[in-house]
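[1] predicted model and sequence follow; I will ask about them next.
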Amino acid sequence: MTRQKIRGSVLLLALLLIAVAGLLTAGWIALISARGNLVEQNAAAIQRRIALENSRALAQEFMLERVLPSTAGAAFSYDLPDPGWGGLSIPAWNSAPLLSVQPAAGVNHFNPGNGDGYTFDPVDESGHYVTLRDGDANPERKFQIKSRSPLLSGTLLASQRPTLDPSASTGFSGLDVVGAAFLWTYPTAASFTVSSYSTADGVSNLSLTNSAGSDISLNNLALPRQIANPRGGGAAFYDGQLDALDNSTAGANSSFAKAAVAAVNGSLVDPDDSDGITCDGAGNVTVTLNKPGLGNVLITAGWPNPGDPPIPGGVSTLTLIGQPTVGDAVADDLPAILILVDITSGNLPTISLSQHNSRRLVLGVKKAATAGSLSLRFTTTAATWRLMLELENSPATLTTAGIVTLQGGIRSDRVVAISGGSARLTLETDPKNLSRLATRTAWVESYEIITPP
């Protein structure tokens, strides 16, 4: 082989190596460029996901802080100060979420309502829900303010945090709870038996037993923020304060609006019991529960303290008369009713409950800050009452003869004690319209709206 041929072969090999190196370099450049584009695309995608979560969190908080405690509101739109990091558009609403009687479509078994309850879904006239801005698709999301009485969801004993006097004592004694209890605050009194119990954050070192005397463990299942107080006010909005019977800032969200009747006048002589209510004119009021003409009852004035001037329309004693036998079919067929004792002046120290009761009944009692304790006297031995008892600012003593059964439960922000016997709390299994009359706990759920292809 000549020297020229050798040089030619070397030159061809060098050119081939240069071509291969060029291809490799071009490939690396293309790969680096693609990787650079991928980083930019991922960064943009991450920003959109963060923007979407920011928007969802904003909407969740808006529902809790602005929509839930109100009765109406204008459409609202907001974008975070830094462009592209989130925003939302909320449709206008014109009703009170805690008065909604719209059943929730679909069932979420892992919510405070035990998979049931009512819902309020903000949506405009065109059927558009909440728009979340993510910088790209700006999807819609359905937000639902759901609510249900805890006493109907299996929590038969709810110990709430006091509102009028945050330092007031809370808790229960002498009760046998055939179901669950929820404690928002560490109780001053906790001598009761229960099937299961849950607590809010910060309530620990509590030891409870069941009716057999065996220790039971705390149920620490995580739950969403629950609101028992239909009004705004920062952290207090979520800490279990109970201000739902008559809340001036909540308007139509409170039980006072549900009563929707004229207040009973204790100064008026009214012997006619066709509507189920009689009065002797001296403040002694009797309510006969099995009267078909009986509707909701509202009492707003108590009896004056000794030495104080008379209170117009004041009520000195309230007696509820049920039926002679347990399981009265006629009373069971009558509509559920709310008896709201909303004492803004004076005091009503005693409510007597006579015989048994099979009519669905919510008894709510709220007293002024200076009013005294409440005595609930069951005058029939081993009475059985279909009763949901809701107490605000009303420490109470249940005087019983033997074992009294309350089918419904107790919700209170003060101490409830038993005198003379014991009380057994069982679940109301057929609430019907009780769900509408009882005070509720509310929470917020949201769901992605999937558009069919």
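    Alright, I've got the coordinates. Residues are numbered from 1 along each chain as shown.
[2] only C-alpha atoms from now on, for both contacts and neighbour counts.
    OK.
[3] gap between the helix or strand hosting Thr300 and the chain center?
    Taking DSSP states H and E as the criterion, Thr300 maps to strand 297-301. Mean C-alpha position of strand 297-301 versus that of the full chain (Cα atoms, centre = their mean, to the nearest Å) differs by 25 Å.
[4] paired strands for it, with orientation please.
    The strands that strand 297-301 pairs with in its sheet are strand 337-345 (parallel) (by DSSP bridges).
[5] can I get the longest strand along the chain in CSV, CA atoms only?
    Longest strand in the chain, counting residues (DSSP state E): strand 396-412. Presented in CSV, the C-alpha positions along strand 396-412 are these (Å, rounded to 0.1, in the frame of the first residue of the first chain):
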residue,chain,number,x,y,z
ALA,A,396,-78.6,22.3,84.4
THR,A,397,-79.6,19.6,86.9
LEU,A,398,-81.9,16.7,85.7
THR,A,399,-83.9,15.5,88.6
THR,A,400,-85.1,12.0,87.9
ALA,A,401,-87.0,9.2,89.5
GLY,A,402,-85.1,6.0,88.5
ILE,A,403,-83.6,5.7,85.1
VAL,A,404,-84.9,8.3,82.6
THR,A,405,-84.3,7.5,78.9
LEU,A,406,-83.8,10.4,76.5
GLN,A,407,-84.1,9.4,72.9
GLY,A,408,-82.2,12.2,71.2
GLY,A,409,-79.2,13.4,73.3
ILE,A,410,-77.8,16.5,75.0
ARG,A,411,-75.8,19.4,73.6
SER,A,412,-74.5,21.9,76.2
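[6] mind listing what's buried along the next helix or strand after that strand?
    For strand 396-412, the following helix or strand on the C-terminal side (DSSP H and E) is strand 415-426. Buried residues in strand 415-426, defined by neighbour count with 16 or more other Cα atoms under 10 Å: 415-419, 421-426.
[7] distance of Asp413 from Asn54?
    For Asp413, the distance to Asn54 equals 35 Å [Cα to Cα, to the nearest Å].
[8] between these two, point out the one with more neighbours.
    The residue with more neighbours, out of Asp413 and Asn54, is Asp413; 31 against 20, by other Cα atoms under 10 Å.
[9] correct me, but that one touches Leu164?
    No. In this structure, Asp413 is not within contact of Leu164 by Cα atoms under 8 Å, at 9.8 Å.
[10] any residues in contact with both of the two?
    Common neighbours of Asp413 and Leu164, counting by Cα atoms under 8 Å, 6 or more residues apart in numbering, are Asn393.
[11] who are the contact partners of Asp116?
    By Cα under 8 Å, 6+ apart, the residues touching Asp116 are 103-104, 107-109, 148, 153.
[12] try it again with 10 Å
    By Cα atoms under 10 Å, 6 or more residues apart in numbering, the residues touching Asp116 are 103-109, 146-149, 152-153.
[13] most neighbours among these, which one is it?
    Counting neighbours by other Cα under 10 Å, Ser147 leads the contacts of Asp116 with 30 neighbours.
[14] tell me which element that residue falls in.
    In this assignment (DSSP H and E), Ser147 forms part of strand 140-148.
[15] quick one: strands adjacent to that strand?
    In the sheet, strand 140-148 lines up with strand 118-120 (antiparallel), strand 130-133 (antiparallel), strand 441-448 (antiparallel) (DSSP bridges).
[16] so, low pLDDT: which residues of the stretch 151-300 of the chain?
    201-202, 204, 229-237, 248-251 (pLDDT under 70).
[17] that one: helices as residue ranges?
    For the stretch 151-300 of the chain, helices defined by DSSP state H, counting those that start in this stretch occupy the ranges 255-259.
[18] where along it do the strands fall?
    Ranges of strands in the stretch 151-300 of the chain, per DSSP state E, counting those that start in this stretch, are 155-159, 171-183, 189-199, 208-209, 215-216, 269-270, 277-280, 284-288, 297-301.
[19] same for the fifth one, what does it pack against?
    The reference is to strand 215-216. With contacts taken as 3 or more Cα pairs under 10 Å, 6 or more residues apart in numbering; DSSP states H and E, strand 215-216 sits against strand 189-199, strand 208-209.
[20] adjacent strands (with direction) for that strand?
    Sheet pairing for strand 215-216, using DSSP bridges, gives strand 208-209 (antiparallel).
[21] centre of the chain to the partner strand, how far?
    That offset, for strand 208-209, works out to 25 Å (Cα atoms, centre = their mean).
[22] and what of stretch 273-288?
    How far stretch 273-288 lies from its chain's middle: 34 Å, per Cα atoms, centre = their mean.
[23] so what touches that stretch?
    Taking Cα under 10 Å, 6+ apart as the rule, stretch 273-288 contacts 264-272, 289-295, 297, 299, 301-303, 312-323, 339, 348, 351-354.
[24] could you dump stretch 294-311 to CSV, C-alpha only?
    Extracted in CSV, the C-alpha atoms of stretch 294-311 (Å, rounded to 0.1, in the frame of the first residue of the first chain):
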residue,chain,number,x,y,z
LEU,A,294,-99.5,22.6,68.9
GLY,A,295,-96.7,24.1,66.9
ASN,A,296,-93.4,25.6,67.8
VAL,A,297,-93.2,27.4,71.1
LEU,A,298,-91.2,30.5,71.9
ILE,A,299,-90.6,31.9,75.5
THR,A,300,-88.5,35.1,75.6
ALA,A,301,-89.1,36.5,79.1
GLY,A,302,-88.6,34.9,82.5
TRP,A,303,-89.9,35.7,86.0
PRO,A,304,-88.2,38.7,87.7
ASN,A,305,-85.8,38.1,90.6
PRO,A,306,-87.1,39.0,94.0
GLY,A,307,-87.4,42.7,94.4
ASP,A,308,-87.2,43.4,90.6
PRO,A,309,-90.1,45.0,88.7
PRO,A,310,-92.5,42.7,86.8
ILE,A,311,-91.4,41.6,83.3
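[25] in that stretch, which residues are buried?
    By 16+ other Cα under 10 Å, the buried positions in stretch 294-311 come out as 294-304, 311.
[26] with distance to Ala282 added, can I get those in TSV?
    Formatted as TSV, these follow (distance: Cα to Cα, whole Å):
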residue	distance to Ala282
Leu294	21
Gly295	23
Asn296	22
Val297	18
Leu298	17
Ile299	15
Thr300	16
Ala301	13
Gly302	12
Trp303	10
Pro304	12
Ile311	11
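[27] re earlier: show residues contacting the strand holding Thr300.
    By Cα under 10 Å, 6+ apart, strand 297-301 touches 256, 259-266, 276-277, 283, 285, 287, 311-316, 318, 337-348, 363-367.
[28] what angle do strand 284-288 and it make with each other?
    Angle between the axes of strand 297-301 and strand 284-288 is 170 degrees (criterion: axes from the mean of the first three to the mean of the last three Cα atoms, to 10 degrees).
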